[in-house]
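S.K.: can you look at this prediction? I've put the sequence above it.
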Amino acid sequence: MDYALNFAAVWRSFDKLLQGLGLSLLLAVGAIAIGVAIGLVLGFALVSRHTAARQLARCYVTVIRNTPILVLVLFVYFALPDLGLQLEGVESFVLTLAVYSGAYLAEVFRAGLLSVPQGVREAGQAIGLTRWQINASIVGPLMLRNVLPSLGSTIISLFKDTSLAAVIAVPELTFEARKINIESFRVVETWIVASLLYVGTCTVLAALLRRVERRLAVPR
Amino acid sequence: MDFSFAQFLHELWIARVPLLQGVGITIASAALAIVAGTVLGVFVGLALTYGAAPLRLAVRGYTDFIRGTPVLVLVLASYYILGTAGIQLGPLQAGVLALAVFCSSHVGEIVRGALQAIHKGQIEAAKAIGLTFSQTFVSVLMPQAIRQILPTWVNTAAEMVKASTLLSIIGVGDLLLASQEVISRTFMNMPFYLFAGFLYFAINFGIERFGRFVERKTHIPS
């Protein structure tokens, strides 16, 4: 094995990698923002008193969670145009990741809702709040604070899933890395740098989320 | 584009052999990765829990690095790097290796979690009656840890089936690539992506149900 490491080619294109990382983060932020909205609706539906709502939400979560995300990405990008929904790479991927993350976040929120003690609901009823008011100003905030740890790990795993956008030629980090790899043949260096960028970003994200978690934790 | 259902069935029948082979390769690659990843992962978990400080640190670095990297990057890196390093592996071997490494870091964390959940007093009690560490592990720790590990481990298996779709990107003829080949010949995007999605769903749904069953069986009655 006489392979001499030479990072020059990778450094030359390092700004491309950083741009790619920026796009990865943007994709994640866009998708998770929509995903949180979907997840909240589904999460409340999963613990709803209405059987139909519960079953519909359960159906959505089960189907999405048991389908590989790559199949979803390809389906939205290549098959939906047959139905007249033609999307550009970025929009198509954000939509897919949002739909996908909705299912995982719904489970996170469901667990959080179940952890809110029944007593606070009753207290809300006792002071004459409507069900909406109870959910919005008592149960919701408590649930959010409870789910922060698992919400954090879901967010990090969703950020890693943005690498799949490379498959539909969205120029994010993995796509750029693959391009450098093919153009320069500096195989080892390219992938070491690309993974370190992912690992570094995940570590920073985890640290940030832990800070938020500490700041918002329910005092004991 | 409009296709009749009969046309879809016709094309499906023509492509039945490659599609079935694809299902076989999907299941085989996921199964291989799960087996290899679990064996490796048990050692990772043991090292994380009982290893000496330098070993623990090294293994922690390994798991953090793997868990912070997307599986697609692992697959591509394994495929391209091993070729450059002069290790001639086909896409299937390189892909399964990447999946196994990914699986090992997850199983490692599950094993560590389960072992650390066991009360320390039990190890002390085992020491007090004169058991060696391996005896303690086999007859005290393992039986308890397995009950905790199994349900989560089954979920990891479903994750691996899903992750195995990434092998299609480096040219492994799994179910997804077989479907894509049919699509590029027939231009029937919608029906064949739906069909592939449905097959993956069926496999994973089966695994999920099995996981529920295992969870019920291993549940420690309180």
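M.R.: That came through, no problem.
S.K.: could you find the closest non-adjacent residue to residue 45?
M.R.: Reading this off chain A. Leaving aside its sequence neighbours, A:A45 sits nearest to A:A57 (CB to CB, 6 or more residues apart in numbering or on different chains; 3.7 Å). Any C-beta I mention is one placed from the backbone N, CA and C, and that applies to glycine too.
S.K.: actually, chain B is the one I wanted.
M.R.: What sits nearest to B:G45 in space, not counting adjacent residues and going by CB to CB, 6+ apart, is B:V111, at 2.5 Å.
S.K.: coming back round to it: which residues does the residue nearest to A:A45 contact?
M.R.: By CB atoms under 8 Å, 6 or more residues apart in numbering or on different chains, A:A57 lies in contact with A:L42, A:A45, A:L46, A:S48, A:A106.
S.K.: contacts only, for the last one.
M.R.: Taking CB under 8 Å, 6+ apart, we find A:A106 in contact with A:I38, A:G39, A:L42, A:G43, A:A45, A:L46, A:A57, A:Y60, A:V61.
S.K.: near chain A at all, stretch B:71-85?
M.R.: Yes: residues of stretch B:71-85 are located near chain A by CB under 8 Å from any CB of the partner chain, namely B:V71, B:L72, B:V73, B:L74, B:L76, B:A77, B:Y80, B:I81, B:G83, B:T84, B:A85.
S.K.: same thing with stretch B:214-222?
M.R.: No: contact of stretch B:214-222 with chain A is not found when judged by CB under 8 Å from any CB; the minimum separation is 15.2 Å.
S.K.: restrict that stretch to CA atoms and write it as PDB.
M.R.: Only the C-alpha atoms of stretch B:214-222 are listed here, as PDB (Å, rounded to 0.1, in the frame of the first residue of the first chain):
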ATOM      1  CA  VAL B 214     -40.300  -9.900  21.100                       C
ATOM      2  CA  GLU B 215     -40.900  -6.900  23.300                       C
ATOM      3  CA  ARG B 216     -44.000  -8.600  24.800                       C
ATOM      4  CA  LYS B 217     -42.100 -11.900  25.300                       C
ATOM      5  CA  THR B 218     -39.000 -10.300  26.900                       C
ATOM      6  CA  HIS B 219     -40.900  -7.800  29.000                       C
ATOM      7  CA  ILE B 220     -39.900  -8.200  32.600                       C
ATOM      8  CA  PRO B 221     -43.200  -8.600  34.600                       C
ATOM      9  CA  SER B 222     -43.400  -6.100  37.400                       C
END
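S.K.: least confident secondary structure element in chain B?
M.R.: Taking mean pLDDT, DSSP states H and E as the measure, chain B has helix B:5-14 as its least confident helix or strand, at a mean of 83.
S.K.: in it, what counts as buried?
M.R.: Neighbour-count burial for helix B:5-14 flags B:F8, B:E11, B:L12 (criterion: 16 or more other CB atoms under 10 Å in any protein chain shown).
S.K.: helices and strands around the host helix or strand of A:V120, which ones?
M.R.: For A:V120, the element it lies in under DSSP states H and E is helix A:118-126. Identification of packing neighbours for helix A:118-126 by 3 or more CB pairs under 8 Å, 6 or more residues apart in numbering or on different chains; DSSP states H and E yields helix A:131-134.
S.K.: what lies in contact with the helix it packs on?
M.R.: Outside helix A:131-134, the residues that touch it by CB under 8 Å, 6+ apart are A:R121, A:G124, A:Q125.
S.K.: pLDDT score for the second one?
M.R.: Residue-level confidence at A:G124 comes out at 91, pLDDT.
S.K.: what count of nearby residues applies to it?
M.R.: Applying other CB atoms under 10 Å in any protein chain shown, we find 18 residues neighbouring A:G124.
S.K.: would you agree it is in contact with A:L142?
M.R.: No: counting by CB atoms under 8 Å, A:G124 sits too far from A:L142 to count as a contact (10.9 Å).
S.K.: the residue positioned nearest the centre of chain A: which element?
M.R.: When CA atoms, centre = their mean is applied to chain A, the residue found nearest the centroid is A:L158 (3.3 Å). Per DSSP H and E: A:L158 is located in helix A:140-161.
S.K.: looking at the buried residues of helix B:5-14, spot the one nearest chain A.
M.R.: For the buried residues of helix B:5-14, the residue nearest chain A by CB to the nearest CB is B:F8; the value is 12.5 Å.
S.K.: output the below-cut-off pLDDT ranges for the chain.
M.R.: As the question left the chain open, I've gone with chain A. A:1-3, A:220 (pLDDT under 70).
S.K.: oops, I was thinking of chain B
M.R.: B:1-3, B:222.
S.K.: can you pull out the helices in it?
M.R.: Assignment of helices within chain B using DSSP state H yields the ranges B:5-14, B:16-50, B:53-68, B:71-84, B:91-116, B:120-128, B:133-136, B:142-163, B:175-186, B:189-218.
S.K.: now those helices in CSV, with distance to A:L23?
M.R.: Converted to CSV, the helices of chain B look like this (distance: least, CB to CB, whole Å):
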stretch, distance to A:L23
helix B:5-14, 37
helix B:16-50, 30
helix B:53-68, 19
helix B:71-84, 15
helix B:91-116, 24
helix B:120-128, 48
helix B:133-136, 50
helix B:142-163, 23
helix B:175-186, 25
helix B:189-218, 25
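S.K.: quick one: closest of these to A:A9.
M.R.: Put simply, out of these the one that sits nearest A:A9 is helix B:71-84, at 13.5 Å, with distance taken as CB to CB.
S.K.: between helix B:91-116 and the closest one, find me the angle.
M.R.: Regarding helix B:71-84 and helix B:91-116, their directions subtend 130 degrees when assessed with axes from the mean of the first three to the mean of the last three CA atoms, to 10 degrees.
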